[in-house]
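# Following is a predicted model, sequence given first.
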Amino acid sequence: MNKSLTKILPWMPEKNHWSEQVGINKRIQIKGTSNQLFISSGGIIKNLQIIIHGHNNKLVIGKNSLVSGFIEMFGNDNEITIGQNTGMLGVGLTAHEGKYIKIGDKCLIARGTDIRTTDSHPIWDQEGKRINPDANIEIGDRVWIAPDTKILKGTIIGNDVVIGTRSLLNKSTIPSNTLAAGSPAKIVRENITWSP
Ligand SMILES: CC(C)(COP(=O)(O)OP(=O)(O)OC[C@H]1O[C@@H](n2cnc3c(N)ncnc32)[C@H](O)[C@@H]1OP(=O)(O)O)[C@@H](O)C(=O)NCCC(=O)NCCS
């Protein structure tokens, strides 16, 4: 292995570790076994970093979807699924400890948005019980998330939803055909739809 490749693939000598520099600002690093990455036809990854450390994790990018930003799965059995015809530009997706993030079809998720099933750092009460467990995230079809929004663990968003810029959703349930905004996000309009 030449020197620059050793820099990119420092874990190469270890078994079952794989990494590839697929171009400028595109990097995939997978450490572990039985991890799967599916990019459907017409799916584009651009300026995207994917880091998977663990086993049996799965990333699915649907037909004609464009994904840029950062994807991280740590631990085992995590799953991130992005539907068809969805655009995500400069978005962070983080799933740890066997959780999933499901994003539907025809969504538009704008730059600076962070979607995470985990706080990344556990918090314990005095009895030693974890008070901030990880939780799954579901985002329906035709959801527009405006820039710089935080979608935290346990959030469920229906179909045909708009989330205002710089909103914070924490264990939130946002029904279909609503506009939610603010920190924490509240429903500010009902019976709406939007077009890209
Ligand atoms: C969500 C959004 C589209 C709503 O626009 P709108 O339909 O014209 O809504 P309004 O301005 O009438 O706001 C409705 C209510 O939500 C509140 N609101 C809207 N966006 C908000 C936000 N990001 N955070 C907090 N409150 C917000 C308004 O203050 C208003 O509250 P009120 O009814 O108490 O007065 C717009 O506010 C927004 O966030 N646009 C993102 C623009 C952008 O960055 N585009 C880049 C392309 S992705």
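Sure, I can see it. Just so it is clear, the model here is predicted, and its values are computed rather than measured. Numbers count the residues shown, from 1 in each chain.

# List the contacts of Asp114.
91-92, 94, 149-151 (CB atoms under 8 Å, 6 or more residues apart in numbering). The way it works is simple: take the backbone N, C-alpha and C, and place the C-beta from them, glycine included.

# what do you get if the cut-off is 10 Å, keeping everything else the same?
Residues counted as contacts of Asp114 (CB atoms under 10 Å, 6 or more residues apart in numbering) are 69-70, 91-94, 148-152.

# Could you identify which of the residues you listed has the most neighbours?
Ile151 (29 neighbours; other CB atoms under 10 Å).

# That one bridge partners, please.
On the basis of DSSP bridges, Ile151 takes part in beta bridges with Ile115, Leu169.

# Let me know the pLDDT of it.
The score at Ile151 is 98. That number is its pLDDT.

# these two touch, right, it and Arg116?
Yes: at 7.3 Å, Ile151 and Arg116 qualify as touching, with contact defined as CB atoms under 10 Å.

# list residues touching both of these two?
92-93, 101, 137.

# Any chance of these in JSON lines with distance to the ligand, pLDDT and secondary structure as columns?
Output for those, formatted as JSON lines (distance: CB to the nearest ligand atom, whole Å; pLDDT from 0 to 100; DSSP: H, G, I helix; E, B strand; the rest coil):
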{"residue": "Gly92", "distance to the ligand": "16", "pLDDT": "98", "secondary structure": "strand"}
{"residue": "Leu93", "distance to the ligand": "17", "pLDDT": "98", "secondary structure": "strand"}
{"residue": "Ile101", "distance to the ligand": "20", "pLDDT": "98", "secondary structure": "strand"}
{"residue": "Ile137", "distance to the ligand": "19", "pLDDT": "98", "secondary structure": "strand"}
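
# How about the residues of this protein by the ligand?
Contacts of the chain with the ligand, taken as CB under 6 Å from any ligand atom, map to 110, 146-147, 162, 164-167, 179, 181-182, 188.

# Among those, name the ones in strands.
162, 179, 181, 188 (DSSP state E).

# Just the buried ones among those, please.
Neighbour counting with 16 or more other CB atoms under 10 Å marks 162, 179, 181 as buried within these.

# got a markdown table for those residues, with distance to Ile51 and pLDDT too?
Formatted as a markdown table, those follow (distance: CB to CB, whole Å; pLDDT from 0 to 100):
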| residue | distance to Ile51 | pLDDT |
| --- | --- | --- |
| Val162 | 30 | 98 |
| Leu179 | 33 | 98 |
| Ala181 | 31 | 98 |
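
# quick one: which of the residues you listed is nearest the ligand?
Using CB to the nearest ligand atom, Ala181 comes nearest to the ligand of these, at 3.4 Å.

# which residues does that closest one form a beta bridge with?
Beta-bridge partners of Ala181, as defined by DSSP bridges: Lys186.
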